[in-house]
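**Student:** Pasting the sequence and the predicted model now:
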Amino acid sequence: MTSRKKLIFYLLLLSSFFTILILPVYFKTFSYFTNSKPKMEVSGFKDSKYNFAIFAENKRISFNLENGKLEKVEEIKPSDKKYHFLNESFSKLDNFSFTRTFDGLRTDTYLAKIGQDLSVKLEKPENFDVSSMTTSDKYFYLAIKDYIYQYDENFKIINKVKNSSNLNSMKIIDGKLYGLAPFFEKNELIYYELIVFDESLKKIDEIKLEKLDENSTYMDMVFYKDNIYITETYNERDSSGKPNPGNKILVYNLKTAEQSSIELKYPYPNQIYIDEINENLIIQNLEYYVPEDIWTVYSLKDGKEHQIKLVKYRLPKEELSEPFFTQKDGLYYFLMTDSIVEVDGKDMKEHSYSFKDFDIKSPYALLLEN
C-alpha cells in the first residue's frame, strides 16, 4: 500500500472511530433538546405588587423603583430554562398576558398564559407553525398556515376555521378580526389584502391593498383613528440573496379606503406599536440589518421622526437582537441585557435602570405594574 493510500485509509478509520464515538452522544443530546418538555403550569410570586418584573433564564424577579434605582421585591425560580417567550409585546386579556414560547432549536412551541404574579400556564397547540396571534376583550386568536383558532382565556378552543391565506399579522378593530395576508397565484405573490372576520370567524370581507408592492414583504400592522398602519420590511432581494430594505409604512383608511404611505429615514421597519397618549407610532428597525440599532418614533401629529439609539445600552461585543418592548402611560420600556431603558413618549427623554448587580442571566420578558 502506498503512503498516500495508507494516509487515506487511516483517515477513514479515524473518521469512523469518531463517528461511532460521537453519534450516540449527539443523538442523546439532540433527543434531550427536542424531547424535553416544559412544566405545563408553574406558580408565581406571593406578592404581585411591583413596578417591574423580569423573566430570565435563571430566575423570575420583581423590582420597585426607589430614588431612581431598582430595589428587589421578590425572586423565585425560572419558569423554564429552555422555553422562552416570543420577543414581542404580550397580548392582554382580562388580567393575563398571552404569548407563545420558542425553544433554542425552534422545533417546538407552546401557547402561554402569564399572570401578573408571573405564574405561567402552557398549552400545546395543534400545530406549532404559528404566523400571528392577538386578543380581543374575550378571546385569544391564533393563526397558522391553514387555520385560525379562537380560544377562551383557559385555552379551550371555541372555534376553528380553515383559512387559505397565511396571516402575517392580526388585529381586533371595532369587534372584527383583521388579518394581513399575501395572495398567491401559482406560487407567485400577486397582491396583499386585509381579510376581515366577525367574532365567530366567519369571513365577511376582503380588502385588496392596491398600493402594497407585490415585490415587498409586509410584516406587521397597527390601528389608530380609522387608519391601519402596515410596515414594509423588505423589498425584493439582491443578487446575493440578501433582502433589500423596505422603508415605508402603508396607511389604509377604513372609512374612505384611501391608501397612502409614510417614508422613513431608517430602513427595515418590522414590529409596529401605537402610543395613543402621545399619538406616536413606535417602530422596530430590524437590528440584524440596521447596525445603528435604531427604533423609530414617528409622530402622527406633525410627521416628525425621532430615533431611539439602543446601541449605547448594549454590552461590549454584544450580538444585536431585538429587545423585549412594552409600554404604559406614554412611557416606552426596552429590556436590555443588564438594564431596563425607559423613554418618555412626550419629550423622548431616556433613563436606564441597571440590574447588573442582581445576577440576572439572559432576561427575555418584562411585565409592568397594573
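**Tutor:** Arrived safely. Source: prediction; values computed, not measured.

**Student:** Low-confidence ranges, the chain, go.
**Tutor:** 1-36, 103-107 (pLDDT under 70).

**Student:** just so I have it, where are all the helices in it?
**Tutor:** With DSSP state H, the ranges of helices along the chain come out as 3-35.

**Student:** how close does the residue positioned nearest the centre of the chain get to Leu122?
**Tutor:** With distances taken as Cα atoms, centre = their mean, Glu88 lies nearest the centre of the chain, 2.9 Å away. Distance from Glu88 to Leu122, counting by Cβ to Cβ, to the nearest Å: 17 Å. For glycine as for every other residue, the C-beta is placed from the backbone atoms N, C-alpha and C.

**Student:** try Glu236
**Tutor:** 39 Å.

**Student:** So for these two, which residue has more residues nearby?
**Tutor:** Leu122 (21 against 12; other Cβ atoms under 10 Å).

**Student:** Who is that one paired with across the strands?
**Tutor:** Per DSSP bridges, the residues bridged to Leu122 are Ala112.

**Student:** Just to check, it is in contact with Met40?
**Tutor:** Yes: using Cβ atoms under 8 Å, Leu122 is in contact with Met40, at 4.9 Å.

**Student:** what's near enough to touch Val343?
**Tutor:** By Cβ atoms under 8 Å, 6 or more residues apart in numbering, the residues touching Val343 are 297, 308, 331-334, 349-350.

**Student:** let's see 6 Å
**Tutor:** With contact taken as Cβ atoms under 6 Å, 6 or more residues apart in numbering, Val343 is in contact with 308, 332, 350.

**Student:** And Gly345, by the same measure?
**Tutor:** Gly345 is in contact with 275, 278, 280, 330, 332, counting by Cβ under 6 Å, 6+ apart.

**Student:** How about the last one, nearest residue that isn't a chain neighbour?
**Tutor:** Read that as Tyr332. Ranked by Cβ to Cβ, 6 or more residues apart in numbering and with sequence neighbours excluded, the top spatial neighbour of Tyr332 is Val343, at 4.3 Å.

**Student:** And for the fourth one?
**Tutor:** In space, Gly330 comes closest to Ile277 once its chain neighbours are excluded; the distance is 3.8 Å by Cβ to Cβ, 6+ apart.

**Student:** Just give me the neighbour total for the closest residue in space to Tyr192 that isn't next to it in sequence.
**Tutor:** Residue nearest to Tyr192 in three dimensions, not counting chain neighbours: Leu212, with 4.2 Å by Cβ to Cβ, 6+ apart. Residues lying near Leu212 (other Cβ under 10 Å) number 21.

**Student:** correct me, but Leu212 touches Ile190?
**Tutor:** No: counting by Cβ atoms under 6 Å, Leu212 does not reach Ile190; the two are 10.8 Å apart.

**Student:** isn't Val42 right next to Lys77, touching?
**Tutor:** No: contact criterion Cβ under 6 Å: Val42 and Lys77 do not qualify, at 8.2 Å.

**Student:** If you count surrounding residues, which of those two has more?
**Tutor:** For Val42 versus Lys77, neighbours defined as other Cβ under 10 Å are more numerous around Val42 (17 against 11).

**Student:** where's that one relative to Arg100, distance?
**Tutor:** Between Val42 and Arg100 the distance is 16 Å, computed by Cβ to Cβ.
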